[in-house]
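Participant: generate a structure from the sequence data that follows.
(one chain, ligands or ions: 3)
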Amino acid sequence: MSQKKDDMSTEAVGLGRRRFLNTAALTGLTLGVAACNDKPETAPAASGTSAAAPAAHASSATHLKPGELDTYYGIWSGGHTGDMRILGLPSGREIHRIPCFVPDALVGWGLTNESKAVMGTKPDGSLRYTVADTHHTHASYKDGNYDGRYAWINDKINSRIARVRLDYFVCDKITELPNVQGFHGIFPDKADPVDPAINYTTRVFCGAEFAIPLPNNGGDINNPEKYRSMFTCVDAESMEVRWQVLIDGNCDLTATSYDGKLAATNQYNIENGVHYEDMMSSERDACLFFNIARIEEAVKAGKFTTVGTSKVPVVDGTRENNKDPKTALVAYVSVPKNPHGVNASPDAKYFICAGKLSPTATVIELSKVLDWFDGKLAELDKAIVAEVEIGLGPLHTAFDGRGNAYTTLFLDSQVVKWNVDAAIKFHAGDKSAKYVVDRLDVHYQPGHINASQSETRMADGKYLAVGCKFSKDRFLPVGPLHPENEQIIDISGDKMVLLADHPVRGEPHDFIIFKRDLLKPKQVYDINDFPLAIKDSKESGVTRNGKKVMVKITSQAPAFSLREFTVKKGDEVTLILTNLDKIEDLTHGFAIPKYNVNFIVNPLETKSVTFIADQPGVFWCYCTHFCHALHLEMRTRMIVEA
Ligand code: K7E
Ligand code: CUA
Ligand code: CA
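Facilitator: Ligands and ions are numbered 1, 2, ... in the order given. Coordinates of the predicted model:
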């Protein structure tokens, strides 16, 4: 009964407002902001929603008793902070932050020589970049599930991809993509398209949102019709860029199939527009499917060009040169106006594009896209098996492994739960098929959404997390900058139940949630991982080579191996510190006053810093990380002779 009401209200409201979006598309964008000042609870689309009040049993699910551990890990993008957040779920507690693209004062990221080598430096040794904008994070796969090896995260500003080792939870490589701007979507592959023995991640795909002149070195500035975007493949192990595909329009989010044959990106700028009005002029945009095996054959056969100074092979994926399905590298499936996320269903059958400016979700059947590439499907758009109205401003979709999809509705401030099979039946003409199952108000204007194990074959339909872009009245006021609101929802039953709010510093965007036993973290380093490791405290001391001075120190609670060390004014000092404590949780810090140095060393970790000893005097280097009853006494004296 309430089902019927749901569908009717969707249709009525959806159609009414769709007309509004079409006639006043520009206003459509401002509607989001306007809606923030509304009370979404009273918006018409809210009728028939689940109760927002948490059920009594439910709130206890997120409230763990002291000492109790979470059952899921969450890997979250940090946003402007350029780091990766590690959460425990269902509690939503933040356990760790892994600096990647932006300096971090706790671990000394961006200060130590080792982290600078990962981040990238200018010829003068200073950091190449100190800002970032991370959106998307995804982890490596094996057999369609996470294997706990790596996670990747993007920096949209400087088109960089970072890899995090999930044994130590540290960033170990960063690659800057050539020939692109606005690198946005990121997704690892799940298998090799050709070799079935490779049933794990070996590639990471990256979608670039902004079209630019190619090469971008001052030419074609005034010829926007010549601006182009690329889809990039990065090698998961070496982190080198393998190849790029030149496309028409732009890339946005990215998805990969479970068989490794297809990768996709949604495209909102089919118009190749420069101004946003232009980007919204077409009624339909696209979802691009990349035939990975064919692209790699083309690269192998030398059918590529290069752009500017980059040596990366670039193959031609433009519409004009991909008309023949039998040779096409790229297929352009049409989807309604300015779509946003593209997500792969856990049954491996479908990719779902959310409509954003259209109140719809488009379900594309992967076997049919492959049929088109094989010349067995005359019309590519016949791969669309459903295109149904779900609500206003659909952005991202998660799955419960029971055939249901959960899509965020930015403008409606809701999550809509809908059944994929029922949507396909409805689209095929069975108007009695009730595909909308439930709606839940969220607070407010949700962007990303993900469920436990959602993007794996093991989607378990327990918890859903939603990243809400506006928190408005949900937390104590703290001045003009509001936190965002991350909400956790129980999806184990028929009705969604809101469990918890968590404030978060902006702006995380994307995240994944997976069972805790998929990770096997190591809590003490292997000393042999560090080429500069000082394995015995007796190796400590100062060695000089002209003006270059090397200081070797070890730490073992509650003392540094050197009580003091002396250098001369003007020396270039490289200080190497190995923490010889091998007990879990025994971290030391090392700060040098007036020299802007502070970093930590975890058990059996080695780090180094290089600086010019330009200020004479006595400088008490001290341990900044509480390690022992004599922590405050844990010091060494740096003497800089004039
Ligand atoms: Cu929807 Cu950058 Cu993933 Cu944000 S994008 S929400
Ligand atoms: Cu060592 Cu505090
Ligand atoms: Ca468009």
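
Participant: now the helices: where do they sit in the chain?
Facilitator: In the chain, the segments counted as helices under DSSP state H are 2-23, 25-37, 56-62, 113-119, 276-279, 292-300, 366-373, 420-427.

Participant: now find how far off-centre the fifth one is within its chain.
Facilitator: If you compare the mean C-alpha spot of helix 276-279 with that of the full chain, they lie 26 Å apart, counting by C-alpha atoms, centre = their mean, to the nearest Å.

Participant: just the mean pLDDT for that helix, thanks.
Facilitator: Helix 276-279 shows an average pLDDT of 92 in the prediction.

Participant: for that helix, buried residues please.
Facilitator: Met279 (16 or more other C-beta atoms under 10 Å). To be clear about C-beta, it is placed using only N, CA and C from the backbone, and glycine gets the same treatment.

Participant: near ligand 2, which residues of the stretch 501-642 of the chain are found?
Facilitator: 557, 588, 623, 625-628, 631, 634 (C-beta under 6 Å from any ligand atom).

Participant: can you say which of those are buried?
Facilitator: Neighbour counting by 16+ other C-beta under 10 Å classes 557, 588, 623, 625, 627-628, 631, 634 among those as buried.

Participant: from these, which ones fall inside strands?
Facilitator: Counting by DSSP state E, these place His588 in strands.

Participant: CSV for the buried ones among the residues of the stretch 501-642 of the chain next to ligand 2, including distance to Trp109 and pLDDT?
Facilitator: Output for these, formatted as CSV (distance: C-beta to C-beta, whole Å; pLDDT from 0 to 100):
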residue, distance to Trp109, pLDDT
Ala557, 23, 97
His588, 17, 98
Cys623, 19, 98
His625, 15, 98
Cys627, 20, 97
His628, 25, 96
His631, 23, 97
Met634, 22, 98
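
Participant: which ones are touching Asn579?
Facilitator: Taking C-beta atoms under 8 Å, 6 or more residues apart in numbering, we find Asn579 in contact with 554-556, 586-588, 601-606.

Participant: partner strands of the longest strand anywhere in the chain and their direction?
Facilitator: Longest among the strand segments of the chain by residue count, using DSSP E, is strand 145-155. Using DSSP bridges, the strands paired with strand 145-155 are strand 137-142 (antiparallel), strand 160-165 (antiparallel).

Participant: can you list the buried residues in stretch 588-599?
Facilitator: 588-592, 595, 597-599.

Participant: and the residues you listed, which is closest to Arg165?
Facilitator: Phe599 (18.6 Å; C-beta to C-beta).

Participant: residues contacting the spatially most central residue of the chain?
Facilitator: Per C-alpha atoms, centre = their mean, the C-alpha nearest to the average position across the chain is that of His136, at 1.6 Å. With contact set as C-beta under 8 Å, 6+ apart, His136 has these partners: 77, 153-154, 184-187, 253-254, 509-510.

Participant: picking that back up, farthest pair in the contacts of Asn579?
Facilitator: Leu586 and Thr606 (14.9 Å).

Participant: buried residues in stretch 110-119?
Facilitator: Neighbour-count burial for stretch 110-119 [16+ other C-beta under 10 Å]: 110-116, 118-119.

Participant: near ligand 1, which residues of the chain are found?
Facilitator: Those residues of the chain that sit near ligand 1, judged by C-beta under 6 Å from any ligand atom, are 135-136, 184, 253, 340, 395-396, 447-448, 509-510.

Participant: neighbour-wise, which of those leads?
Facilitator: Within these, most neighbours by other C-beta atoms under 10 Å means Leu253, with 29 neighbours.
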